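Peer 1: Pasting the sequence and the predicted coordinates here, then a few questions.
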Amino acid sequence: MIEGMAALYIFMLAGFTGYEIISKVPVILHTPLMSGSNFVHGIVLVGAMIALGIAENPTQQAIGFVAVLLAAGNAVGGYVVTERMLEMFKSSGKKDNKGGNA
């Protein structure tokens, strides 16, 4: 019981700290921050696959399978969002023809 309360306390503390840190990030740093978080999502996916691999009963296997699905969706979604954010910084490819080439 004590170990579960300690884990819950650490989870809540990590969530609060993460929220406070992320809310203070300037807008210009959101794209690099997303790239870093995509790396973490990949690690979460590997952890979920390991958990699924060592599952011993159907309940653990079901939870592991759901964890793998959610982690994969999270990682893919992060890369999609990062790609869309990077597209905003690219030029449109159309050159402004202000010269006298008429």
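Peer 2: Arrived safely.
Peer 1: Which helix or strand in the protein has the lowest average pLDDT?
Peer 2: helix 30-53 (a mean of 81; mean pLDDT, DSSP states H and E).
Peer 1: Check which helices and strands it sits against.
Peer 2: Helices and strands touching helix 30-53, by 3 or more C-beta pairs under 8 Å, 6 or more residues apart in numbering; DSSP states H and E, are helix 58-87. For every residue, glycine as well, the C-beta is placed using N, CA and C.
Peer 1: on that earlier part again, identify each buried residue in the least confident helix or strand of the chain, please.
Peer 2: Met34, Ser37, Asn38, His41, Gly42, Val44, Leu45, Ala48, Ala51, Leu52 (16 or more other C-beta atoms under 10 Å).
Peer 1: Once you drop chain neighbours, what's closest to the fifth one?
Peer 2: Okay, so that is Gly42. Nearest non-adjacent residue to Gly42, counting by C-beta to C-beta, 6 or more residues apart in numbering: Ala75, 5.7 Å away.
Peer 1: and the gap between that neighbour and Glu83?
Peer 2: As judged by C-beta to C-beta, to the nearest Å, Ala75 and Glu83 stand 13 Å apart.
Peer 1: what's the distance between Ile50 and Val44?
Peer 2: Taking C-beta to C-beta, one finds Ile50 at 11 Å from Val44.
Peer 1: show me the contacts for Ile43.
Peer 2: Listed by C-beta atoms under 8 Å, 6 or more residues apart in numbering, the contact set of Ile43 is empty.
Peer 1: three-state assignment of Ala55?
Peer 2: coil (DSSP: H, G, I helix; E, B strand; the rest coil).
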